[in-house]
Structures are given as C-alpha cells and as structure tokens.
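[1] this one's structure only:
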C-alpha cells in the first residue's frame, strides 16, 4: 500500500514495518479527478498533501480575475498553503489536480500526535521543508535576475519533467 | 551564556540543562562588526546562522553590478544560503552584518552529529523551516500582486521592526 510514499520516506528516515502501519492509520488517501480541488480560496488548509501519482497546481485569483499559478507538485512532492496550515487561517489559494491524481493527506491536527509516536518524521519534514525553502530562495533571485521569458526557459531547463507533463499555456502563466 | 538562543529553542522544544551544554559544544559564537561578511559569492555556505543580536542582510551582485538584497535577519532568525548549505556548492550570495552583531553558527557537518544526540532539534528546525517557507510562499504572491512601491509598503506594515532598524535606502532595494 502506498509504495511510492513509503519508499520516499525510507530514503530519508528508518521506519520499521510496524511503524509504517502506525503511520498508515494517520494518513488519508484521496483520489482526485483532473480539475478537482483539494483547497479553495477562503477555506482553511487542513492537510499537507503528498503526490503519489499525478500532478497538482497551486494558484490564486488576482485583481484582474485571472489565475496566477505559484506552485506545481509532481510525484513525491508535498504541497500545501503552509501559512494557512500553520496559522489555521483562511487560504488565499486554490490547490487543484491537473491530472487524475492519487494524493496522501496528512491532517494538521493529527500530525502532532503522529510525530509523538514517530519522532523521526520530524527529521523527514525538516529535510523536505529545508529543500523547498532552498528552492524558494533561488526563486527570489531568478525573479529579479531574469525576464519572464528567461525565467520560463531557466525553469524548463531545471525541471524538464514539468515541461513534459504540464500544458505549456499553464506553465507560462507562472511567469506572468 | 546565549540566553536569547536558549530561550528561543525552549519555546519550541524541551532541552535539559545537560542537553543545553551538549548543544553549546556544537555551536560557534561569532562577533561581527558592521559590514563584516559571513559568506561571500563563490564560497560554500558552511553554517546555518542564528542572530542573537544585530542584523544581517543577504544579497547578490546582479548583472548591472548592483547589490540586490533578497533577505534580512534580525534577532531570533536563522539565515543561510540553504541551497549552497545543503548541496555544499559555491554560493551566489553574500551574507553581511548591517549592525554590529552577535551570531551563532551551526556548522553543516557538525549538525548531523548534534541531531543524533539531540533529536528534538529536528523538530525545532522543522518548525523554523516550515515557517520561513510559509513566508516565502506568500512572498511569491506579493511579488505578482503588488507594484514595487506597494510591496515595500506591505512589507513595512508586516515587519515594522525592520523599518526601524534597517536604513530606508537598503530596505527599498529589496523591492527593486
């Protein structure tokens, strides 16, 4: 059950089979049809979401009424509106499937109890968070350094998987 | 010794006095004069830096030869070029004191050994990283949503401490 998820965890931390079965009691598998939502503006982000299969995008509706995409998540990535998740305040974002997707949700309120039982998960998420933050720091630099077109090309170069999976018009919108 | 640092840690995790003394063996206090550097372009970022007193800025030199500031750190904040730190590759950034500062450095190579002895630090850094990443997600939205002037005003509203401590010309440069 959830082989991608388990093997991703085991790349970073040790988990016995018994610990895996504890973990599985705390997570919720979600099957999402293409275009279905995990989060909509005004809702509080309840979970951290892991992509087992498929692809998600995170966006918000800007002043002009158009969708501004800020993040994508492919297999083995976590995605959430972390401000909404941490503060338990309404989100300004949407999280939507852009392919049929298999998702694992880790509920914010259950997380603390789970971490008490399996404290090595603190390490796993410390590594995950450090990694996405490192990428976010580089993104600030790219934002300043490159034009929209250059940013798009740099991104495609860094993440060729995305270019193959995500419609070009959608990808281009990240850099608008 | 290091009361700010210890009390910041104890806000998030339990540490006995004995554990504190273990921790203190792993960190390195650094006294920085205003304008001194912790990191320069081309060097590998060796440590994660905690500001006990003072203020740091992180910037890079852009194509036009001007300093583009990307991050500030005041008391109780951690700062590093996390991509350089994680990958142990040369940094594209500078980290510089903008006031006389007292810094605590946690060396990347010592960190793993320390975390083995005090695994609750994984939790502390998971929370720290999650928090800065949450802010980084919002920053992407602000970048898109607001003009440079609006972004500056939003930032001052969110972080009034910065406006009092950091020269205005320097703060304005973040949004250029």
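    On my side now, so go ahead. Note that the structure is predicted; figures quoted are calculated from it, not measured.

[2] Might you report the residue contacts of the most centrally placed residue in chain A?
    By Cα atoms, centre = their mean, chain A has its centre lying nearest to residue A:79, at 1.6 Å. If you count contacts by Cβ atoms under 8 Å, 6 or more residues apart in numbering or on different chains, residue A:79 has them with A:48, A:49, A:51, A:56, A:58, A:71, A:73, A:95. Heads up, the C-betas are built off the backbone N, CA and C, glycines and all.

[3] who in chain A is up against chain B?
    A:60, A:62-63, A:68, A:70-71, A:81-83, A:85-86, A:92-93, A:115, A:119-120, A:122-123, A:125-126, A:129-141, A:143-145, A:176 (Cβ under 8 Å from any Cβ of the partner chain).

[4] Write the ChimeraX selection for whichever of the residues you listed are buried.
    Per 16 or more other Cβ atoms under 10 Å in any protein chain shown, the buried members of the residues of chain A next to chain B correspond to this ChimeraX selection:
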select /A:60,68,70,71,81,82,83,85,86,92,93,115,122,123,125,126,129,130,131,132,133,134,136,137,138,139,140,141,143,144
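
[5] where does the closest residue to residue A:55 other than its chain neighbours land in three-state SS?
    Distances taken as Cβ to Cβ, 6 or more residues apart in numbering or on different chains place residue A:99 nearest to residue A:55, at 4.7 Å, with adjacent residues excluded. Secondary structure, DSSP: H, G, I helix; E, B strand; the rest coil: residue A:99 is coil.

[6] Residue A:99 and residue A:53: what is the separation?
    Using Cβ to Cβ, to the nearest Å, residue A:99 is found at 8 Å from residue A:53.

[7] Residue A:12 too?
    Distance from residue A:12 to residue A:53, by Cβ to Cβ: 20 Å.

[8] Now for the nearest residue to residue A:167 once chain neighbours are set aside, how many residues are close by?
    For residue A:167, ignoring the flanking residues on the chain, the nearest one in space by Cβ to Cβ, 6+ apart is residue A:98 at 7.6 Å. Residue A:98 is flanked by 19 other residues according to other Cβ atoms under 10 Å in any protein chain shown.
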